[in-house]
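> predicted structure and sequence below. I'll ask about it afterward.
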Amino acid sequence: MTATNDGAIRTRFAPSPTGDLHVGTAHTALFNWLFTRHHRGTVVLRIEDTDRKRLVERSLGGIPEALAWLGIDWDEGPEVGGPYGPYFQSERKEIYLEYAERLIAGGHAYYCFCSPERLARVREERANLPTKYDRHCRDLSPAAIAAARAAGITPTVRFKMPLEGQVTFTDAIRGEITFDVRNLEDAILIKSDGYALYHFANVIDDKLMAISHILRGEDWIPSAPLHLLLYRAFGWEMPLIAHTQLLLGPDRKKLSKRHGATSIQEFRDNGILPEALVNYLAIIGWSWDDKTEIFSRDELIAKFDLDRVKPSSAIFDHQKLEWMNGHYINHLLTLDGLTARALPFLAGAGLFPRGAPAPGTPEYDYLTSVLALEKERIKRLTEIPEAVAYFFSDEIAYTQDVLVSKKQKLTPEIALAALPRARETLAAGDVADEADTEARLTALAGELGLKRGQLFMLIRAALTGRTATPGLFALMRVLGQERCLARLAAAESWLREHRQAAAD
RNA sequence: GCCCGCAUAGUCUAGUGGCCUAGGACGUCACCCUUUCAAGGUGAAGAUCGCGGGUUCGAAUCCCGCUGCGGGUACCA
């Protein structure tokens, strides 16, 4: 990339607060952020809230919060301020008006008094034509303008699109793209409510905020020529521009709510780690080589650049994200890190009615040893409360099928004979010693004429009420001697009580 | 309709004229490990590189045409 004028790279992400932060928007924001951090430039966050009708109040705070959660920070914008503010477009209304006047004075824009109804009609009449608006007000006489104003009509301001010629710009990801202006509209710049439209506010702000590189979604390509022409009308140079790929749903359509979870907030609530999501988003549309795909944040910053960004759209693969999330949980997060992430989910499930355990306490140590056992089989943080439940509650809900595994060829008789012997065997030692416990239980299995697996499964079920758990001896070590003995007894009496029912 | 973009296995990708009998990853299947479930290891299936023409001794890679898919076409962003 070549830098502009002063050599300083300045980029922006410009979400509009119309809802939660969409994962596609986050993808573009991430590319902006990685590109800028790589080049030690300045990141600007600008809130494009010119559409007052679609404004969703909670997203004003929610979007910056979601970005921060992802670890995408900004040097200028809401919360941090900066020399080019305000960073909310709704507070820049007057600026746009002023620049619109300039355009009109220079003959590059005009007032349009057409009513929405007329516009709708004309659009229908010209349905098959490249431009929908018939430029009715483009050359209104001063008298006609005065008359319309006197009639109380508040006009919009439209751009006076050149009538012929071609516009070409170079996209840093896609190369040259050319449009014929005959296919371009006299776009509205200022709405009749006085607010600027996206295209206009965007161009003015990028210029005023000294943005050097524009990175945005592919869906903006069709409006790029308008933006370029706007820059030209003001006599400004256009920033370098690049259009990133779109994120698609399984049906190859632009990713949206109907494809499932699409907001960053939902990913967080669904137990996805921000570092996993960032890593996954980074490798969709960008690659470093033919095999690496796990990158730390710092590696991403060090390696990311536009020359390895692909132009083609990509289907968002929840399955691969989930795999990567599991990989982070199991292999990349420290135990303390995982514990910290798990705590809110555990608390949410009501596991700590008296408050979450603090590091250094026995409760905290117990929790980390539990998580150490479960982390390799967990893909999302949301799975944790259910996975660790039996470590925190002694009320095990037994069932006949689980306790007396048919698959292991167990019967209530065998179980009732084995359970008390297992208890005796355990009582004679200490489950803190895994190898010793295993040796003694293996010997017991022999005495009882059972296979190791049969006895182990019976004990597993008695201790946890489940057939799928971490390794039996590690599990016993964490559970502790006392709990193990108590649960063996509990399973035995449960079985005795329910034996009759099973026999029927 | 018109304009624009994209095109390597189900999905994400590597590849810029010979290193490609097309590499990696997710997913799928099998085997190994094993007390269960995972994790891990090994391996397999899966792509006539969208199609058709060229250029070249040689093309996934260059050229032309076609097709498919997507995006845009608002006083939304």
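Done, it's in.
> which parts of the stretch 51-200 of chain A sit against RNA strand B?
Contacts of the stretch 51-200 of chain A with RNA strand B, taken as Cβ under 7 Å from any atom of the strand, map to A:51, A:53-54, A:114-116, A:119, A:123, A:127-130, A:132-133, A:156, A:174-175, A:177-180, A:183, A:185, A:188, A:191-193, A:195, A:197-199. Using the backbone N, CA and C atoms, a C-beta is placed for each residue, glycine as well.
> let's see 6 Å
Within the stretch 51-200 of chain A, the positions near RNA strand B by Cβ under 6 Å from any atom of the strand are A:51, A:54, A:115-116, A:119, A:123, A:128, A:130, A:132, A:156, A:174, A:177, A:179, A:183, A:188, A:191-193, A:197-198.
> so where is the stretch 351-500 of chain A shaky, pLDDT-wise?
Where the stretch 351-500 of chain A drops to pLDDT under 70, the residues are A:500.
> which ones among the residues of the stretch 51-200 of chain A next to RNA strand B map onto strands?
Judged by DSSP state E, these include A:156, A:177, A:179, A:188 as members of strands.
> farthest pair within those residues?
Maximum pairwise distance among these (Cβ to Cβ): 28.0 Å, between A:156 and A:177.
> tell me which of the ones in strands among the residues of the stretch 51-200 of chain A next to RNA strand B is nearest to residue A:473?
Using Cβ to Cβ, residue A:177 is the member of these that sits closest to residue A:473, with 64.0 Å.
> nearest residue to that closest one other than its sequence neighbours?
Among residues not flanking residue A:177 along the chain, residue A:171 sits closest, at 5.6 Å (Cβ to Cβ, 6 or more residues apart in numbering).
> can you give me the strands in chain A?
If DSSP E is used as the criterion, the strands of chain A fall at A:10-13, A:42-45, A:109-112, A:156-159, A:166-171, A:175-180, A:188-190, A:213-217, A:240-244, A:247-248, A:314-315.
> same list, those, but as TSV with mean pLDDT please.
Below are the strands of chain A laid out as TSV (pLDDT from 0 to 100):
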stretch	mean pLDDT
strand A:10-13	97
strand A:42-45	97
strand A:109-112	96
strand A:156-159	97
strand A:166-171	93
strand A:175-180	92
strand A:188-190	97
strand A:213-217	97
strand A:240-244	96
strand A:247-248	96
strand A:314-315	96
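> can these go into CSV with extra columns for mean neighbour count?
Formatted as CSV, those follow (neighbours: other Cβ atoms under 10 Å):
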stretch, mean neighbour count
strand A:10-13, 26
strand A:42-45, 23
strand A:109-112, 22
strand A:156-159, 23
strand A:166-171, 14
strand A:175-180, 12
strand A:188-190, 25
strand A:213-217, 22
strand A:240-244, 22
strand A:247-248, 22
strand A:314-315, 15
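> from memory residue A:69 sits against residue A:263, does it?
No - the pair residue A:69 and residue A:263 does not pass the contact test of Cβ atoms under 8 Å, sitting 11.5 Å apart.
> those two: who's more crowded?
Neighbour comparison, residue A:69 and residue A:263: the larger count goes to residue A:263, with 20 against 16 (by other Cβ atoms under 10 Å).
> right, and the more buried one touches residue A:25 too?
No - applying Cβ under 8 Å as the test, residue A:263 and residue A:25 come out as separate, 9.4 Å apart.
> follow-up on the earlier one: mind checking which of the residues of the stretch 51-200 of chain A next to RNA strand B land in helices?
A:116, A:119, A:123, A:198 (DSSP state H).
> and those, which is closest to residue A:97?
Within those, the smallest distance to residue A:97 is 15.7 Å, found for residue A:198 (Cβ to Cβ).
> how far away is that closest one from residue A:186?
Applying Cβ to Cβ, to the nearest Å, the value for residue A:198 to residue A:186 is 16 Å.
> out of these two, which sits in the busier spot?
Remark: of residue A:198 and residue A:186, residue A:186 carries more neighbours, 20 against 16, as counted by other Cβ under 10 Å.
> separation between the residue most central in space within chain A and residue A:30?
Closest residue to the average C-alpha location of chain A: residue A:264 at 3.3 Å, with Cα atoms, centre = their mean. Distance of residue A:264 to residue A:30, given as Cβ to Cβ: 11 Å.
> from the ones in strands among the residues of the stretch 51-200 of chain A next to RNA strand B, which is closest to residue A:481?
Nearest to residue A:481, judged by Cβ to Cβ, of those is residue A:177 at 71.7 Å.
> residues in contact with that closest one?
When contacts are counted by Cβ atoms under 8 Å, 6 or more residues apart in numbering, residue A:177 touches A:168, A:169, A:170, A:171, A:221, A:224.
> also residue A:276?
Shown in contact with residue A:276 (Cβ under 8 Å, 6+ apart): A:321, A:324, A:325, A:327, A:328.
> if we use 10 Å, what do you get?
A:267, A:294, A:321-329, A:332-333, A:379-380 (Cβ atoms under 10 Å, 6 or more residues apart in numbering).
> could you list which of these also contact RNA strand B?
residue A:323.
> okay, now residue A:413: neighbour count?
The number of residues packed near residue A:413 is 10, by other Cβ under 10 Å.
> scratch that, residue A:406
Residue A:406: 9 surrounding residues under other Cβ under 10 Å.
> report the contact partners of it.
By Cβ under 10 Å, 6+ apart, residue A:406 lies in contact with residue A:400.
> common neighbours of residue A:264 and residue A:30, please.
Common neighbours of residue A:264 and residue A:30 (Cβ under 10 Å, 6+ apart) are A:23, A:67, A:70, A:72, A:277.
> just the closest of these to residue A:150, please.
Of the shared contacts of residue A:264 and residue A:30, the one sitting nearest to residue A:150 (Cβ to Cβ) turns out to be residue A:67, at 48.2 Å.
> so that closest one makes contact with residue A:22?
No - at 11.8 Å, residue A:67 does not count as touching residue A:22 under the criterion of Cβ atoms under 10 Å.
> leaving out chain neighbours, which residue sits closest to residue A:302?
Residue A:302's closest residue in space is residue A:38 (Cβ to Cβ, 6+ apart), at 7.1 Å.
> what is the mean pLDDT for stretch A:50-59?
Stretch A:50-59 carries an average pLDDT of 91.
> can you measure across it, start residue to end residue?
By Cα to Cα, to the nearest Å, the extent of stretch A:50-59 from end to end equals 14 Å.
> then stretch A:317-334?
26 Å.
> returning to what we had before: which ones are touching the residue nearest to residue A:302?
Shown in contact with residue A:38 (Cβ under 10 Å, 6+ apart): A:1, A:9, A:300, A:301, A:302, A:303, A:304, A:305, A:306.
> which elements pack onto the longest helix belonging to chain A?
If you go by DSSP H, chain A has its longest helix at helix A:481-503. On a contact count with 3 or more Cβ pairs under 10 Å, 6 or more residues apart in numbering; DSSP states H and E, helix A:481-503 meets helix A:384-392, helix A:400-403, helix A:412-427, helix A:452-464, helix A:472-479.
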